[in-house]
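Student: with the sequence up front, the predicted model follows.
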There are 4 protein chains.
Amino acid sequence: MDNNPDQKETQHAMQPEDTPELRALYKGFEEENLIPLWTQLGDLMPVHPKPKAVPHIWKWSKLLPLAEKSGDLVPVGRGGERRALGLANPGLGGNAYISPTLWAAIQYLGPKETAPEHRHSQNAFRFVIEGEGVWTVVNGDPVRMSRGDLLLTPGWCFHGHHNITDKPMAWIDGLDIPFSQQNDVGFFEFGDDAVTDYRTPEFSNGERLWCHPGLRPLSALQNTVSSPIGAYRWEFTNRALDEQLALEEEGHPVTAAPGHAAIRYVNPTTGGDVMPTIRCEFHRLRPGVETAVRREVGSNVYQVFEGRGAVVIDGVTHKLDLGDMFVIPSWVPWSLQSETQFDLFKFSDTPIMERLNFGRVQAEET
Amino acid sequence: MDNNPDQKETQHAMQPEDTPELRALYKGFEEENLIPLWTQLGDLMPVHPKPKAVPHIWKWSKLLPLAEKSGDLVPVGRGGERRALGLANPGLGGNAYISPTLWAAIQYLGPKETAPEHRHSQNAFRFVIEGEGVWTVVNGDPVRMSRGDLLLTPGWCFHGHHNITDKPMAWIDGLDIPFSQQNDVGFFEFGDDAVTDYRTPEFSNGERLWCHPGLRPLSALQNTVSSPIGAYRWEFTNRALDEQLALEEEGHPVTAAPGHAAIRYVNPTTGGDVMPTIRCEFHRLRPGVETAVRREVGSNVYQVFEGRGAVVIDGVTHKLDLGDMFVIPSWVPWSLQSETQFDLFKFSDTPIMERLNFGRVQAEET
Amino acid sequence: MDNNPDQKETQHAMQPEDTPELRALYKGFEEENLIPLWTQLGDLMPVHPKPKAVPHIWKWSKLLPLAEKSGDLVPVGRGGERRALGLANPGLGGNAYISPTLWAAIQYLGPKETAPEHRHSQNAFRFVIEGEGVWTVVNGDPVRMSRGDLLLTPGWCFHGHHNITDKPMAWIDGLDIPFSQQNDVGFFEFGDDAVTDYRTPEFSNGERLWCHPGLRPLSALQNTVSSPIGAYRWEFTNRALDEQLALEEEGHPVTAAPGHAAIRYVNPTTGGDVMPTIRCEFHRLRPGVETAVRREVGSNVYQVFEGRGAVVIDGVTHKLDLGDMFVIPSWVPWSLQSETQFDLFKFSDTPIMERLNFGRVQAEET
Amino acid sequence: MDNNPDQKETQHAMQPEDTPELRALYKGFEEENLIPLWTQLGDLMPVHPKPKAVPHIWKWSKLLPLAEKSGDLVPVGRGGERRALGLANPGLGGNAYISPTLWAAIQYLGPKETAPEHRHSQNAFRFVIEGEGVWTVVNGDPVRMSRGDLLLTPGWCFHGHHNITDKPMAWIDGLDIPFSQQNDVGFFEFGDDAVTDYRTPEFSNGERLWCHPGLRPLSALQNTVSSPIGAYRWEFTNRALDEQLALEEEGHPVTAAPGHAAIRYVNPTTGGDVMPTIRCEFHRLRPGVETAVRREVGSNVYQVFEGRGAVVIDGVTHKLDLGDMFVIPSWVPWSLQSETQFDLFKFSDTPIMERLNFGRVQAEET
């Protein structure tokens, strides 16, 4: 579908003449809980998405110290549940929403601390930018959290975290809290005040059962809504991206675009997204690559994992360093630029858009 | 999934002690666009859905006169596009939303009037409670609108309406405008200032091609996102419900529940919902039937088509007459009661909930 | 996929020299139940399908008298089960197979006769070329059989037939017996020696519940493997085809090809084929139409329902009259020609080919 | 569906009396290529599958020497294409079919030999019981063949093999040749007389792109009919089975049955079978395990990979050693017994049965 630039961007109607009768009519509307379409069509049905959410960059160099300070001042435990700082989109009026659909936060767990178990309808993941020493226990299965790992907590799975070391650890959380809150779909239940299993195995049961490429246990032939892989290890992600770039060098068109390797984390029972509302990907640019300018329906959130580069949003260039996070609201044009090899973790609400047939992408020719 | 009644309904955490240091920390959060989870968990993640939307009944005896009065005072034409009065849920702060996801309106077209063509990403339908004489032209195909008919305008189809008679006509519109606005997915384009085809055939091309039960044109073997049937005629709906009740009387368990016939309008290319975000159904109760108390994730909107009865929402009984409309927000318990044979049209956002795996239903044993 | 005309059609290998040692080796193969590939590759893996089945036409003017004569001489009842004459493809060595996958037969039921109930894994349908007065009882639901109707008996449904009139009736049966026999998938069970319900309703329960276009009973939201519509009535088929031709005349490209209307009978719960192994369609040509020459993987069987025309198979023209049946084996080229308006019922094994990804079609440009 | 033991196993009908008239009728049938159902119902539609194929065991100790001898006497090259010995089921009348649907063969490639490239509709795999040194080149991608590996050649992929060593190598091939031949679906094309790429990489491009658990290349989001993984390495299979047994020991119910680990090889783009007609699995029994007696619709073929045990088919016990192969025809009861740890590779035609809804399994309670 093309996007017509000539389309008048406003739909301000000629409004009816202001008469006593019209005022009486409007008063009648109010009494009966009615609102006329003709006074607000342009807002309700814009020519293209006009998000209230704005593009924004959060610097890791600011986030981390505030998280550390919270570690000193704010206890973690039953009730508050998590020491998490939600990234609040400046356009969304003081809500802890990074976009209308997504929540992103930095979570911080001090030495020997435990975040108690609970479960909720909201789908969640964690991605680890640095550090180690925490295990997240998901439905009783302890999962090690290490640098570069993506850890899943699909909706309605019990989960808690504990830190076995003398050092704190910080990571990012992604959830569909705003979508869930806006659409009244969420349930929540407390679990154990501690975690149910304090063991610290190198690999979770889920990994041991499922992380064998192309091999499916005969005891698990029923497809699952979310991925049964609780931990996507950095070692695999890194190797997959390296291989794409090596294959490209050997002449095989296997990268997302020239110099741009990328993988999507998927549910091995279906080959589809890891959770029904959240897409997770990892992108690697060779040095000196600039991606095509692109805009798409839905919200994209990135975190820099390694290297240096920039994002150009709506024509404005923002330098990026390790750990920096940014959000691209719906239909805002953007591209990436790399100085060094540039690694980025990405998540988005695209599964929502695609499953409801609202997806649309517009990309500059390359 | 069970719903635990013993679950404490509040999650008010012990908050950290208010100190100058904490205030400094909170100020730092504000500067960096961060919001802590621990101060607002209960709102973000309630124990069960706690919709701001409230149950509400709109009386047809109030709606129709206001629509008629609008016909006198407000022109219809390019810009305002439609003479439609949105049912505004009293809990949703002055927005023309009947629920967080759905728009419902009464639309009114005067004698010989034309509502000009446009198209939008939002999915739309019309349901006709009374009257006749209007044709809606969808992607160039004129579709007669008559009492009891359901007319579809799936996302991105051009459409306009025109009234060929000397009498006005009113009907209801249902759309996913709030969902679309909230999630920044909508595109809009003007079309012809009139309608592109003023012919008034009894049956649209879509019906002539598709309304033969179990027969699919060989020229249309590709499945479509939304139903290719633009008009679901009352004659068929009525007969389907009559047959269910007759079969039930003959001893066959084909009704939704004893004395309760019901059909879902579906896309014949898939057997699934008519549009990706909106479910449409029609329900018929024999006299003296009371349905099981039920609550479900998502929003349901009903309009009384024929007969008398009541809806019991959260324990409160509301009498219902012809044309009355009501909304049941997410997870609010409700049931229907019939005095006479009682016919109701229903639409809901359940496809959203089911496609994203948030669906949950709790029904009293019957 | 292209079909390479230059490909050498034989794969006769140079065979190893005939020596005593080779003979000893071949004897060893025989003793150990081994057969070398190199002696028979061309037969096992031909360049394109080389069916043993041959194209063949059965004249209704011959079939019907033989069926009538059977009615005089052969009783119908438990054991033989059905007075059915299988159309035996002359290329298939004396088996009652019209193709490697399909069985087609003319079945004949005398005045007041009953064919007893049984069920089997094999999927079955009946199509009625003429006559009336028989009801087939499928899982206890009596289904009227009339001219132009398609009646389904999906695998493992009990079924029997009875004739309420003083006149005999003949019709055709289609099943996947050869496929089932060849692949060892069939189960069979006797049921009642009579039929379980001798009532003669105009419409079956299945029709009363399901034959409302685009309307699905709320009590039947689970998709079914085969269509729940037991009877596809001629009235609907005829109207659907008429409408396609009328729409074509009005300028809409809704026919399968110019002058060629066609419908596929489908399962309303999925929009797909009526049964997992058999596709059923109905085709109508305007007078003087010639279809594109076409060949496809799989077997097609046609019966002339009305009008006069011809089929050109592999370059040879065969005149066709009412009731005539013919089979086109896999990859044999063919086309249809009409003199008058020409109506044909068709069935095929294409769902097998498509579900297993063996489908291939080659059609002359038109 | 239950299997009724009381069902009379014969359906011999009372046949009509032999009279001159009946003989004339039967002669008329013959002339018109008709065969009555009543004379052959029991064969066409048995009470349960009565395969002509019989259970049979082929001893590796016999197979391998014959293959080696073929290496001496029979050249490999264009025309004969492959030095492969098909396992011919003794019940299938001299055809090189191990079952009505499946082909199984031992293939043998001498030192430095090349088997030329071709492609065909038939789906193929190879499984390596011992040896190394051969690369199979699939659509230009060289794939190493080593002990314990499963190598795929899905339908219509070009493929050839070459041996880089001074030693011969033997392996087994599995294809759907009989199904393809019986149903006239096969196409065949010669490719290069050599192989198109003589390089011998440790890992194929397909593996480098796809063998990262749960990670999907962004350049390959379209699902594929068959698995894009050309090589399932023994290292992964072995580890997956070890982990299942270890997890079982730790108390997790992740094995197929107690003491019985098993994986299915799957297509990572869908989670389903590797090819549309063939299922591949690997089973590992702890010492002293006996599986439940089971029968199922369709054909199963096993090869012993490691260890000692037995198969009990229809009550008869057959000892099994390394490399031994056996076939279980449709609906024949069987079970496995292990002496040592017992590893078996298995393939079957179950995808055909399941996709066409003919699947049925009956298993003894355990």
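Tutor: Looks like it came in fine. Only a predicted model underlies this, so the values are computations on that prediction, with no experimental measurement involved.
Student: going forward, measure contacts between C-alpha atoms and count neighbours the same way
Tutor: OK.
Student: model confidence over stretch A:211-231, on average?
Tutor: Stretch A:211-231 comes out with an average pLDDT of 98.
Student: distance of the residue nearest to residue A:220 when sequence neighbours are not counted relative to residue A:349?
Tutor: Leaving out its chain neighbours, the residue that sits closest to residue A:220 by C-alpha to C-alpha, 6 or more residues apart in numbering or on different chains is residue D:254, at 7.8 Å. Distance, residue D:254 to residue A:349, by C-alpha to C-alpha, to the nearest Å: 33 Å.
Student: could you list the low-pLDDT ranges of chain A?
Tutor: Chain A contains residues with pLDDT under 70 at A:1-14, A:366.
Student: domain-wise, how is it divided?
Tutor: What the record gives for chain A is the domain set A:56-210, A:235-363, from automatic domain parsing.
Student: who touches stretch A:216-230?
Tutor: For stretch A:216-230, contacts defined as C-alpha atoms under 8 Å, 6 or more residues apart in numbering or on different chains pick out A:138, A:143, A:151-154, A:204, A:206-207, A:209-211, A:266-270, A:273-276, B:357, D:214, D:254-256, D:261-266, D:271.
Student: pull out the buried positions in that stretch.
Tutor: For stretch A:216-230, the neighbour count (16 or more other C-alpha atoms under 10 Å in any protein chain shown) marks A:216-220, A:225-230 as buried.
Student: same question for stretch A:38-52.
Tutor: Result for stretch A:38-52 [16+ other C-alpha under 10 Å]: buried residues A:38-42, A:44-52.
Student: only alpha carbons, please: show the helix or strand where residue A:208 lies as PDB.
Tutor: Using DSSP states H and E, residue A:208 maps to helix A:205-210. Only the C-alpha atoms of helix A:205-210 are listed here, as PDB (Å, rounded to 0.1, in the frame of the first residue of the first chain):
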ATOM      1  CA  ASN A 205      15.900 -27.800  32.000                       C
ATOM      2  CA  GLY A 206      14.200 -26.000  29.200                       C
ATOM      3  CA  GLU A 207      17.500 -25.500  27.400                       C
ATOM      4  CA  ARG A 208      18.600 -29.100  28.100                       C
ATOM      5  CA  LEU A 209      15.400 -30.300  26.500                       C
ATOM      6  CA  TRP A 210      15.000 -27.900  23.600                       C
END
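Student: helices of the stretch 201-350 of chain A, start to end?
Tutor: A:205-210, A:234-249, A:350-355 (DSSP state H, counting those that start in this stretch).
Student: by contact count, what packs against the second one?
Tutor: In other words, helix A:234-249. Judged by 3 or more C-alpha pairs under 8 Å, 6 or more residues apart in numbering or on different chains; DSSP states H and E, the packing partners of helix A:234-249 are strand A:260-265, strand A:279-285, helix D:205-210.
Student: among those, which is the most enclosed?
Tutor: strand A:260-265 (a mean of 26; mean count of other C-alpha atoms under 10 Å in any protein chain shown).
Student: can you give me the neighbour number for whatever residue of the stretch 201-350 of chain A ends up closest to chain B?
Tutor: Across the stretch 201-350 of chain A, no residue is closer to chain B than residue A:276, which sits at 5.3 Å (C-alpha to the nearest C-alpha). Using other C-alpha atoms under 10 Å in any protein chain shown, residue A:276 has 23 neighbouring residues.
Student: for the residue nearest to it when sequence neighbours are not counted, which residues are in contact?
Tutor: Spatial nearest neighbour of residue A:276, excluding adjacent residues (C-alpha to C-alpha, 6+ apart): residue B:356 at 5.3 Å. Residue B:356 sits next to A:276-277, A:352, A:355 when contact means C-alpha under 8 Å, 6+ apart.
Student: between these, which is nearest residue D:295?
Tutor: Comparing the contacts of residue B:356 against residue D:295 with C-alpha to C-alpha places residue A:276 closest, at 37.5 Å.
Student: do I have it right that the closest one meets residue A:351?
Tutor: Yes - at 6.3 Å, residue A:276 counts as touching residue A:351 under the criterion of C-alpha atoms under 8 Å.
Student: distance of residue A:344 relative to chain D?
Tutor: 14 Å (C-alpha to the nearest C-alpha, to the nearest Å).
Student: I'd assumed residue A:303 was in contact with that residue.
Tutor: Yes - using C-alpha under 8 Å, residue A:344 is in contact with residue A:303, at 5.6 Å.
Student: what is the helix or strand encompassing residue A:27 packed up against?
Tutor: Taking DSSP H and E as the definition, one finds residue A:27 inside helix A:20-31. Under the contact criterion of 3+ C-alpha pairs under 8 Å, 6+ apart, helix A:20-31 touches helix B:60-73.
Student: and the helices in the stretch 51-200 of chain A?
Tutor: Assigned by DSSP H, counting those that start in this stretch, the helices in the stretch 51-200 of chain A fall at A:60-73, A:177-182.
Student: pull the CA atoms of the shortest one into CSV?
Tutor: Provided in CSV are the C-alpha atoms of helix A:177-182 (Å, rounded to 0.1, in the frame of the first residue of the first chain):
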residue,chain,number,x,y,z
ILE,A,177,2.2,-3.9,30.2
PRO,A,178,0.8,-0.9,28.5
PHE,A,179,-1.1,-3.0,26.0
SER,A,180,-2.4,-5.2,28.7
GLN,A,181,-3.4,-2.3,30.9
GLN,A,182,-5.0,-0.3,28.1
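Student: do it and chain B meet at all?
Tutor: Yes - counting by C-alpha under 8 Å from any C-alpha of the partner chain, chain B has neighbours in helix A:177-182: A:177-178, A:181-182.
Student: who wins on neighbours among those?
Tutor: That'd be residue A:177 among the residues of helix A:177-182 next to chain B, by other C-alpha under 10 Å, with 25 neighbours.
Student: ok, residue A:109 to residue A:133 distance?
Tutor: Between residue A:109 and residue A:133 the computed distance is 10 Å (C-alpha to C-alpha).
Student: likewise residue A:81?
Tutor: Relative to residue A:133, residue A:81 is positioned 19 Å away (C-alpha to C-alpha).
Student: which one of those two is surrounded by more residues?
Tutor: Neighbour count, other C-alpha under 10 Å: between residue A:81 and residue A:133, residue A:81 has more, with 22 against 19.
Student: was I right about the more buried one contacting residue A:115?
Tutor: Yes - between residue A:81 and residue A:115 there is a contact under C-alpha under 8 Å: 6.3 Å.
Student: which residues in the stretch 51-200 of chain A form strands?
Tutor: Applying DSSP state E, counting those that start in this stretch to the stretch 51-200 of chain A gives strands spanning A:56-58, A:84-87, A:103-109, A:114-120, A:124-127, A:132-138, A:141-146, A:150-153, A:159-163, A:169-175, A:188-190.
Student: right, and those - which one's nearest residue A:282?
Tutor: Short answer: strand A:150-153, nearest of the strands of the stretch 51-200 of chain A by C-alpha to C-alpha, at 10.0 Å.
Student: ok, residues contacting that closest one?
Tutor: With contact meaning C-alpha under 8 Å, 6+ apart, strand A:150-153 is reached by A:123-128, A:138, A:143, A:145, A:159, A:229-234.
Student: partner strands of that strand, with direction?
Tutor: Under the criterion DSSP bridges, strand A:150-153 sits next to strand A:124-127 (antiparallel), strand A:231-232 (antiparallel) in its sheet.
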